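> sequence first, predicted model second:
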Amino acid sequence: MANELTLVGINDMYTKIGRPGVANKERVWLAVDHTVDPRNYHEPKPSALIKLADEFAEETGITDYWRPNTTIMHTEFARQRAQPGQIVIGADSHTCSGGGMGALAIGLGAGDVVLPLVTGQTWLSVPEVLLIEFTGEPKFGIGGKDIILHVLGVLKRNTVALDRAVEWRGPGLAHLSTDARFAIANMSTEFGAIAGVCEADAQTARTMAGRAGHKDEGLYFRADPGAEYADKYTIDLGDVVPQIALFPSPDNCKPVAELVGMALDGAFIGACTTTQEDLILAALVLEAAMKAGKTPTPLAKQGQRRVTPGSREIIAYLKEHGLLEIYEAAGFVVGVPGCSYCLGIAADVAGDGEVWLSSQNRNFKNRMGKGSIANLASAAVVAASAFDMKVTDPSPYLSAIDPSRFTALRQWIQQPAACHSSSPATSSAPAFTVTEPSPVLADPSAPVEEDPRLSDQSTWSHLPASVTGRVQRFGDAVDTDAIIPAQMMGCSPADMVKHGGRSDMSEDESLGIKAFAYVRPEFVGRVREGANIVVAGAGFGCGSSREEAVRALKASGVVAVIAQSFAFIYARNQPNMHLLGVLVQDKEFYELAVESAEVSVNVPARTVSCAGKSFPFTLTTMEERFLQAGGVEKLYKTFRECRVPMNSPPTPHHFPFQPHVTIQSPQKCR
């Protein structure tokens with residue numbers, strides 16, 4: 001999976017390795033959604049990105065190309081393509097949305113996605129698994145967004161889920177539609193997880209049965225009795241109340257009731273996390289509020305109330321049932337499908353200092369636009385708050401909605417088993433078979449015949465034995481929006497000059513001069529003065545999948561990044577893009593590695609030295625090999641004959657060295 005923005009990195013890598021073609025044109029999903037809006041098609045950047053996507057789709061012959069503003073990439077993929085048991089690799093951190101359908105859907109960087117795109121293979125170190133068991137039944141009007149914000153508020157982001165896969169299951173799951181599960185899986189990445197997989201069940205089977213196609217390959221897995229987990233938590237859905245995640249973190253959650261009256265400048269309902277079910281409920285909240293006498297207050301600017309459905313299919317459905325008219329009557333401007341305010345780089349950008357309530361999934365600094373202040377909530381909460389532009393509890397309006405009407409309206413794609421009744425309905429469930437996985441595992445004790453090219457120093461000499469520099473110090477949860485703002489990616493020559501560069505700069509050079517542009521403008525200048533080692537806390541590189549974050553650091557002159565932990569996608573992007581990143585756990589190191597302290601990294605010895613003391617660090621064999629090779633591009637060029645079409649019979653892995661765990665997936669999972 002990819003969008004037009006991540007396609008830039010994919011296409012760049014694809015060109016560097018010789019544009020070899022794709023392994024299976026029927027298993028590539030490309031949507032143009034991040035930067036485009038009919039209001040900006042004429043501008044140089046979106047125009048160039050649309051042209052790139054058009055040409056890439058035509059050249060490769062892929063069958064799932066969604067042209068500009070037809071769908072947010074994850075929306076129709078989950079509704080039309082994702083199947084239980086599939087492995088989905090996407091160049092976007094919210095690829096994990098497919099987990100709502102029981103797929104192992106994982107976001108990676110653009111260069112990382114090129115490998116399965118052209119070879120049909122990728123590598124994964126099997127993660128630990130966190131179990132979240134849902135019990136109880138949610139109250140009417142509580143959806144997937146409320147539930148995931150509740151989880152984030154209780155368990156916090158980048159803690160128990162960091163670098164783990166999350167398994168969402170339990171008796172409470174039967175009360176959640178596949179739309180609600182989508183929202184929960186979608187924000188598993190905000191939780192810090194590699195993926196979030198809802199156990200596929202009768203609910204999933206109902207949704208699959210309603211499709212025109214892509215419904216016969218589902219594999220319904222179950223955990224073995226007594227399965228061991230890295231950690232387990234229980235969430236009672238009956239305890240969930242409407243939440244707001246306050247700026248600037250998705251886990252800074254408080255009940256809406258505690259924030260009533262907070263002033264707002266804008267209200268946005270949309271982004272990939274906002275499903276058709278959410279849009280229906282929000283429209284009914286607006287309708288109930290207007291029947292109770294509410295009218296939208298005048299606003300200084302048009303578009304401060306905006307609803308952006310996730311696809312044209314959803315827009316058509318809302319229009320057919322008179323729901324778009326409700327939004328318009330309540331003062332909302334209806335936008336075309338796209339990321340809109342959630343990313344703040346197309347036509348919709350929040351202003352400096354503006355306070356927004358949004359049903360999107362991220363509220364990091366500058367996310368909706370430079371200086372913007374984003375707060376997250378469900379679409380129902382945003383709808384209730386949009387009339388007076390003050391946080392409003394939707395409960396009175398929810399109680400005025402006829403549940404049977406809501407149930408009837410949300411039956412189109414997904415068929416909820418228990419529409420807020422006391423027991424799940426099972427009589428109409430299509431038959432499905434629980435499948436026992438039977439992967440072919442490599443024998444870790446078997447001798448591995450080493451490829452002779454591994455001893456060729458021209459291939460494996462790109463990682464220096466040591467690097468030395470001074471520290472630039474950062475804290476926990478430094479996100480990729482901070483490292484390289486989305487507004488700074490893919491700039492035109494004029495923009496490069498505007499930001500202090502040259503009009504003839506390469507893309508990497510242009511990224512390099514803009515690293516930490518919004519949050520630490522002096523960063524690049526200090527790197528050039530020798531402060532070229534970044535030292536950070538936990539969760540460095542969280543947020544978006546953009547490999548441009550690594551490229552920006554590398555191009556700025558950074559020689560190493562040292563942290564207590566890295567976000568999963570960012571951690572893979574570092575060796576792929578040939579930037580040394582190491583993990584140091586000793587707290588004393590972080591006490592000594594203060595701003596401007598001198599640090600030395602000894603790679604063969606696996607030690608970091610600071611203030612006369614030495615500390616061990618971890619670097620896996622896989623990461624070291626990628627770094628020695630000079631990154632994923634050089635690795636592919638050396639071992640390009642490993643290409644295996646996706647429709648070929650299962651074969652042992654072809655990587656030139658052994659990852660820690662090797663799994664050959666069953667044919668249907670590929």
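Received the coordinates, thanks.
> domains in the protein, by residue range?
With domains defined by automatic domain parsing, the chain comprises 2-239, 257-401, 466-493+505-636.
> which stretches of the stretch 101-250 of the chain have low pLDDT?
Within the stretch 101-250 of the chain, no stretch falls below the threshold (pLDDT under 70).
> dump the domains of the chain to JSON lines, plus mean neighbour count and distance to P437.
(Glycine included, C-beta is placed from N, CA and C.) Compiled in JSON lines, those are given as follows (neighbours: other C-beta atoms under 10 Å; distance: least, C-beta to C-beta, whole Å):
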{"stretch": "domain 2-239", "mean neighbour count": "21", "distance to P437": "6"}
{"stretch": "domain 257-401", "mean neighbour count": "22", "distance to P437": "29"}
{"stretch": "domain 466-493+505-636", "mean neighbour count": "20", "distance to P437": "22"}
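> reformat the ones you listed as TSV; add distance to Q411.
Below are these laid out as TSV (distance: least, C-beta to C-beta, whole Å):
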stretch	distance to Q411
domain 2-239	9
domain 257-401	10
domain 466-493+505-636	34
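> looking at those, which is closest to A245?
Across the domains of the chain, A245 has its closest neighbour in domain 257-401 (4.0 Å, C-beta to C-beta).
> which residue ranges of the stretch 151-300 of the chain form helices?
Under the criterion DSSP state H, counting those that start in this stretch, the stretch 151-300 of the chain contains helices at 178-186, 188-191, 202-209, 276-291.
> quick one: the closest residue to T435 other than its chain neighbours from T159, how far?
Spatial nearest neighbour of T435, excluding adjacent residues (C-beta to C-beta, 6 or more residues apart in numbering): L219 at 4.6 Å. Per C-beta to C-beta, to the nearest Å, L219 is found 31 Å from T159.
> what does Q203 give?
Q203 sits 29 Å away from T159, going by C-beta to C-beta.
> do the same with V129
15 Å.
> that older thread, looking at the domains of the chain, which is closest to D451?
Using C-beta to C-beta, the nearest of the domains of the chain to D451 is domain 466-493+505-636, at 11.1 Å.
> pLDDT of the closest one, averaged?
Domain 466-493+505-636 shows a mean pLDDT of 93.
> quick one: end-to-end length of that domain, please.
Using C-alpha to C-alpha, to the nearest Å, one end of domain 466-493+505-636 lies 25 Å from the other.
> which residues in the stretch 301-450 of the chain form helices?
Under the criterion DSSP H, counting those that start in this stretch, the stretch 301-450 of the chain contains helices at 312-320, 323-329, 379-385, 395-399, 403-409.
> how far out from the middle of the chain is stretch 286-302?
33 Å (C-alpha atoms, centre = their mean, to the nearest Å).
> can you check stretch 137-148 too?
With C-alpha atoms, centre = their mean as the basis, stretch 137-148 stands 21 Å off its chain's centre.
> same check on stretch 91-103?
From the chain centre to the centre of stretch 91-103 is a distance of 8 Å (C-alpha atoms, centre = their mean).
> what does stretch 284-299 give?
That offset, for stretch 284-299, works out to 33 Å (C-alpha atoms, centre = their mean).
> hmm, who's touching it?
Here stretch 284-299 makes contact (C-beta atoms under 8 Å, 6 or more residues apart in numbering) with 305, 326-327, 329-332, 380, 383-384, 386-389, 394, 396-398, 400-401, 405-406, 409.
> what is the mean pLDDT for it?
For stretch 284-299, mean pLDDT is 96.
> quick revisit: pretty sure the residue nearest to T435 is touching P84, no?
Yes. Between L219 and P84 a contact is recorded at 5.6 Å, counting by C-beta atoms under 8 Å.
> identify the contacts common to these two.
Taking C-beta under 8 Å, 6+ apart as the contact rule, L219 and P84 both touch A200.
> residue contacts, the residue lying closest to P309 once chain neighbours are set aside?
Nearest non-adjacent residue to P309, counting by C-beta to C-beta, 6+ apart: I315, 4.9 Å away. Contact partners of I315, counting by C-beta under 8 Å, 6+ apart, are P309, L324, V334, P337.
> would you turn those into CSV with distance to L635 and pLDDT?
Compiled in CSV, the contacts of I315 are given as follows (distance: C-beta to C-beta, whole Å; pLDDT from 0 to 100):
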residue, distance to L635, pLDDT
P309, 41, 98
L324, 50, 98
V334, 47, 97
P337, 37, 97
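> tell me where the stretch 301-450 of the chain has strands.
Taking DSSP state E, counting those that start in this stretch, the strands of the stretch 301-450 of the chain run over residues 305-308, 333-334, 355-358, 373-377, 434-435, 440-441.
> backbone torsions only: list them for the residue nearest to T435.
phi -120, psi 110 (degrees, to the nearest 10).
> what of N602?
phi -100, psi 110.
> so who does it touch?
Here N602 is in contact with A465, S466, V608, S609 (criterion: C-beta under 8 Å, 6+ apart).
> ok, P447 next?
With C-beta under 8 Å, 6+ apart, P447 has no contacts at all.
> format the strands of the stretch 301-450 of the chain as CSV; extra columns: distance to T207.
Output for the strands of the stretch 301-450 of the chain, formatted as CSV (distance: least, C-beta to C-beta, whole Å):
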stretch, distance to T207
strand 305-308, 23
strand 333-334, 26
strand 355-358, 27
strand 373-377, 26
strand 434-435, 17
strand 440-441, 30
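> can you check which of those strands gets nearest to R520?
strand 373-377 (19.3 Å).
> would you put the C-alpha positions of the closest one in CSV?
The C-alpha trace of strand 373-377 is given here as CSV (Å, rounded to 0.1, in the frame of the first residue of the first chain):
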residue,chain,number,x,y,z
ILE,A,373,-3.6,23.3,18.5
ALA,A,374,-5.4,20.0,17.9
ASN,A,375,-7.6,18.1,20.3
LEU,A,376,-9.0,14.7,19.5
ALA,A,377,-12.5,13.3,20.0
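> for it, packing partners?
Identification of packing neighbours for strand 373-377 by 3 or more C-beta pairs under 8 Å, 6 or more residues apart in numbering; DSSP states H and E yields helix 144-155, strand 243-245, strand 355-358.
> which residues touch the shortest one?
For strand 243-245, the external contacting residues (C-beta under 8 Å, 6+ apart) are 146, 149-150, 152-153, 251-256, 259, 357, 363, 375-378, 381, 391.
> including distance to G102, could the helices of the stretch 151-300 of the chain go into a markdown table?
Formatted as a markdown table, the helices of the stretch 151-300 of the chain follow (distance: least, C-beta to C-beta, whole Å):
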| stretch | distance to G102 |
| --- | --- |
| helix 178-186 | 9 |
| helix 188-191 | 13 |
| helix 202-209 | 5 |
| helix 276-291 | 18 |
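> quick one: closest of the ones you listed to D479.
helix 188-191 (10.2 Å).
> what about the helices in the stretch 1-150 of the chain?
4-16, 44-60, 73-80, 110-119, 144-155.
> contacts only, for the nearest residue to G261 once chain neighbours are set aside.
With sequence-adjacent residues excluded and distances taken as C-beta to C-beta, 6+ apart, G261 is closest to K390, at 5.4 Å. K390 makes contact with V260, G261, M262, A263, L264 under the criterion C-beta under 8 Å, 6+ apart.
> show me what K390 is bridged to.
A263 (DSSP bridges).
> how close does it sit to A292?
K390 is 16 Å from A292, by C-beta to C-beta.
> kindly report the same for D278.
The value you get for D278 to A292, if C-beta to C-beta is used, is 21 Å.
> do the same with M577
In terms of C-beta to C-beta, M577 sits 55 Å off from A292.
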